[in-house]
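Peer 1: I'd like to go over a predicted model; first the sequence, then the structure.
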Amino acid sequence: AIQLTQSPSSLSASVGDRVTITCRASQDISSALSWYQQKPGKAPKLLIFDVSGLETGVPSRFSGSGSGTDFTLTISSLQPEDFASYYCQQFDNYPLTFGGGTKVEIK
Amino acid sequence: EVQLVESGGGLVKPGGSLRLSCAASGFTFSSYSMTWVRQAPGKGLEWVSSIGSSSGYIYYADSVKGRFTISRDNAKNSLFLEMNSLRGEDTAVYYCARESGSSPDDFDCWGQGTLVTVSS
């Protein structure tokens, strides 16, 4: 199974900060990677599809990049509503897998 | 409005069984592959099982293979997960999710989740 390693597992940041989360795949997954945001007690929400596609309704401060095995989610200017957990997911093949998650907390 | 609503969770003893349901509305259910994803308390997301739009393919995570069965009823816009031989490590919130496009794919719509607790 393809393993996804996210880093960091948690971070503290201030409103307005630029935040970068990385996701490394154990093998080449081309562009079959997406990112989700999850707030406590809520279902995950798709943010970024196919590495860099912005899901409808997602603010443009969110962006994704990468290819092959190394991927990045960037929040250009952190807003209060962005404090949440973020997960990457690969859909190159089954079993589908998620990264371990990154919790973004208020500094 | 696209909506997925899970039901059927609850408290069950180890070795017991439970059947989860997911009612879909607001989209053509029969055109989409569907998936179950779970999240143990305080942990990350774990893919459990996926089924094709017409049940033409089914996949399971190794952790549930042989114990869980995914199925769907397109006439009733419903997805199911039959869970047998339940273990403590199956305790989790179970989400049903719609795959965005051609499988395998990501998930663009999620239900609110239903909690399954396996404990004596």
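Peer 2: Cool, got the structure.
Peer 1: Which residue comes closest to A:Ile106 once chain neighbours are left out?
Peer 2: A:Phe83 (5.6 Å; C-beta to C-beta, 6 or more residues apart in numbering or on different chains). For the C-beta atoms, the positions are set from N, CA and C on the backbone; glycine is no exception.
Peer 1: who's in contact with the one you found?
Peer 2: By C-beta atoms under 8 Å, 6 or more residues apart in numbering or on different chains, the residues touching A:Phe83 are A:Val104, A:Glu105, A:Ile106.
Peer 1: now do 10 Å
Peer 2: A:Ser12, A:Ala13, A:Val15, A:Lys39, A:Pro40, A:Lys103, A:Val104, A:Glu105, A:Ile106 (C-beta atoms under 10 Å, 6 or more residues apart in numbering or on different chains).
Peer 1: Show the buried residues in those residues.
Peer 2: Among the contacts of A:Phe83, those classed as buried by 16 or more other C-beta atoms under 10 Å in any protein chain shown are A:Ala13, A:Val104.
Peer 1: Out of the contacts of A:Phe83, which two sit at the greatest distance?
Peer 2: A:Val15 and A:Pro40 (18.6 Å; C-beta to C-beta).
Peer 1: and A:Ser7, how many neighbours?
Peer 2: By other C-beta atoms under 10 Å in any protein chain shown, 14 other residues sit near A:Ser7.
Peer 1: residue contacts, it?
Peer 2: Counting by C-beta under 10 Å, 6+ apart, A:Ser7 has contacts A:Thr20, A:Ile21, A:Thr22, A:Cys23, A:Arg24, A:Gly99, A:Gly100, A:Thr102.
Peer 1: these two touch, right, B:Ser30 and B:Gly56?
Peer 2: No: contact between B:Ser30 and B:Gly56 fails when scored by C-beta atoms under 10 Å: they sit 11.8 Å apart.
Peer 1: Alright, that wraps it up for me.
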